[in-house]
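[1] Starting from these lines, generate the structure:
(4 chains)
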2 protein chains.
Amino acid sequence: MEKVMNINSTLNDVLVKLFRNVNAIEERAMRTEEYKDVTTNDMHVIEAIGMEGARNMTSVARSLEVTTGTLTIAINSLVKKGYVDRVRSEEDRRVVLISLSEKGRRAYLHHRRFHERMIESVVEELTEEEQRILAKALAKLYHFFRVT
Amino acid sequence: MEKVMNINSTLNDVLVKLFRNVNAIEERAMRTEEYKDVTTNDMHVIEAIGMEGARNMTSVARSLEVTTGTLTIAINSLVKKGYVDRVRSEEDRRVVLISLSEKGRRAYLHHRRFHERMIESVVEELTEEEQRILAKALAKLYHFFRVT
DNA sequence: AAAAATTAATTTGACTATCAAACTATATTT
DNA sequence: AAATATAGTTTGATAGTCAAATTAATTTTT
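    Numbers count the residues shown, from 1 in each chain, chains lettered A, B, ... in the order given. You can find the predicted model right below:
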């Protein structure tokens, strides 16, 4: 009998380790010279704002599932660090529009490339069929989390 | 150009969502009646202490990749909530030994069952072949993180 | 054996993230 | 015009985090 790793144990181990460490890991990967002042949280905000142009506070806060008060604090810091531009809407003076600055867009793309490399490393050497199966399995995992 | 859902985008989406939400999700699942005072962070500490008996602060802090100062604060709270016992070592009076109380062990097992259910739900309805591919992909992902 | 160095843990001071609730300013409805 | 609703910020509280200072105990050096 060869050394058999129980499939569930392997999955559980890997999932637990990934989930436990994913923030630290991503932060380590992101914190290069250029972006050493960007926390994981900052990166999530940058990603939520996105490249599609200005968004208001409420909609970004909703995307991130935080209160607008929390987002205000995060944006204060990102504006100070130069990743985000904040302007008051002319059409409705209550509204604050936030968008990525040039530096913010560079950070966004840097992060996206990191994700692309990550996916590439997972997918390389998997056939099309295997990739399809993997996506299905991950979708189920996500579904489990959403409904639990 | 027709709208094609690229396999890599699907994988990326699912992974990002999983990672982004995993803490909130786990917390939601853990916070039952009995364990409503246990934060995700508390749970990680409980898991790191484990069921194998007493460990000292430094080794648990190292497992969690936090400073001992940070761990001291977490343990203060867990002792107060009754999940952890803390005693000074008789052999070396500098050393503090922490271990799970009865309540702590119940929380540990509750959490472990959550993970088992999670894995079960992912694995059920996947064929042997599909399970093998998922495990392989996740192992690669883990490897990617370890070396990145 | 006394002094110096090391080790284990805690404490302190500072910072970030978070929420709920109070508040301010503006827009909409009555 | 007054009342209500909406968008965002501020405030006050809590948790988690680190680096550096501190305390107490052990080990090493002289």
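[2] My guess is residue A:111 contacts residue A:30. True?
    Yes - shown here, residue A:111 and residue A:30 form a contact pair, counting by C-beta atoms under 8 Å, at 6.2 Å. To be clear about C-beta, it is placed using only N, CA and C from the backbone, and glycine gets the same treatment.
[3] overlap in contacts of these two?
    Shared contacts of residue A:111 and residue A:30 (C-beta atoms under 8 Å, 6 or more residues apart in numbering or on different chains): residue A:43.
[4] ok, how many other residues are close to residue A:73?
    In terms of burial, residue A:73 registers 11 neighbours under the definition other C-beta atoms under 10 Å in any protein chain shown.
[5] Am I right that it sits in a strand?
    No - secondary structure of residue A:73 (DSSP: H, G, I helix; E, B strand; the rest coil): helix, not part of a strand.
[6] tell me the contacts of residue A:89?
    By C-beta under 8 Å, 6+ apart, the contact set of residue A:89 is A:56, A:95-97.
[7] can you give me phi and psi for it?
    Backbone torsions for residue A:89, taken as degrees, to the nearest 10, come to phi -70, psi 140.
[8] mind checking pLDDT for it?
    The predicted local confidence for residue A:89 comes out at a pLDDT of 97.
[9] same thing with residue A:64?
    As summarised for this prediction, residue A:64 has a pLDDT of 93.
[10] Could you check how many residues crowd around it?
    Residue A:64 is surrounded by 18 other residues when neighbours are defined as other C-beta under 10 Å.
[11] Adding neighbour count, write the contacts of residue A:89 out as a markdown table.
    What follows is those, written out as a markdown table (neighbours: other C-beta atoms under 10 Å in any protein chain shown):
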| residue | neighbour count |
| --- | --- |
| A:56 | 16 |
| A:95 | 14 |
| A:96 | 19 |
| A:97 | 17 |
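[12] Nearest to DNA strand C among the residues you listed?
    Distance to DNA strand C, by C-beta to the nearest atom of the strand, is smallest for residue A:95 among the contacts of residue A:89, at 7.9 Å.
[13] sorry, back to before: so which of the contacts of residue A:89 are also by DNA strand D?
    Contacts with DNA strand D are made by A:56, A:95-97 out of the contacts of residue A:89, judged by C-beta under 7 Å from any atom of the strand.
[14] export those residues to TSV and tack on secondary structure?
    As requested, these are exported to TSV (three-state DSSP):
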residue	secondary structure
A:56	strand
A:95	coil
A:96	strand
A:97	strand
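[15] Could you dump these into JSON lines and include distance to chain B and pLDDT?
    Conversion of those to JSON lines gives the following (distance: C-beta to the nearest C-beta, whole Å; pLDDT from 0 to 100):
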{"residue": "A:56", "distance to chain B": "21", "pLDDT": "97"}
{"residue": "A:95", "distance to chain B": "26", "pLDDT": "98"}
{"residue": "A:96", "distance to chain B": "24", "pLDDT": "97"}
{"residue": "A:97", "distance to chain B": "24", "pLDDT": "97"}
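[16] and which of those is nearest to residue A:88?
    Among those, residue A:96 lies closest to residue A:88 (C-beta to C-beta), at 5.8 Å.
[17] contacting residues around the closest one?
    Per C-beta under 8 Å, 6+ apart, neighbours of residue A:96: A:56-57, A:86-89.
[18] can you do 7 Å?
    Taking C-beta atoms under 7 Å, 6 or more residues apart in numbering or on different chains, we find residue A:96 in contact with A:56-57, A:86, A:88.
[19] a markdown table please, covering those and showing secondary structure.
    Formatted as a markdown table, the contacts of residue A:96 follow (three-state DSSP):
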| residue | secondary structure |
| --- | --- |
| A:56 | strand |
| A:57 | helix |
| A:86 | strand |
| A:88 | strand |
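[20] quick check, nearest of those residues to chain B?
    residue A:57 (19.4 Å; C-beta to the nearest C-beta).
[21] What strand or helix carries the most centrally placed residue in chain A?
    Geometric centre of chain A, nearest residue: residue A:44, 4.8 Å, by C-alpha atoms, centre = their mean. Here residue A:44 sits within helix A:40-49, counting by DSSP states H and E.
[22] can you map out the strands along chain A?
    A:55-56, A:84-88, A:96-100 (DSSP state E).
[23] Can you give the strand pairings for the last one, parallel or anti for each?
    In other words, strand A:96-100. Based on DSSP bridges, the pairing partners of strand A:96-100 within the sheet are strand A:55-56 (antiparallel), strand A:84-88 (antiparallel).
[24] among these, which is nearest DNA strand C?
    strand A:84-88 (8.2 Å).
[25] What residues sit buried inside the closest one?
    Under the neighbour-count criterion of 16 or more other C-beta atoms under 10 Å in any protein chain shown, strand A:84-88 has A:84-86 buried.
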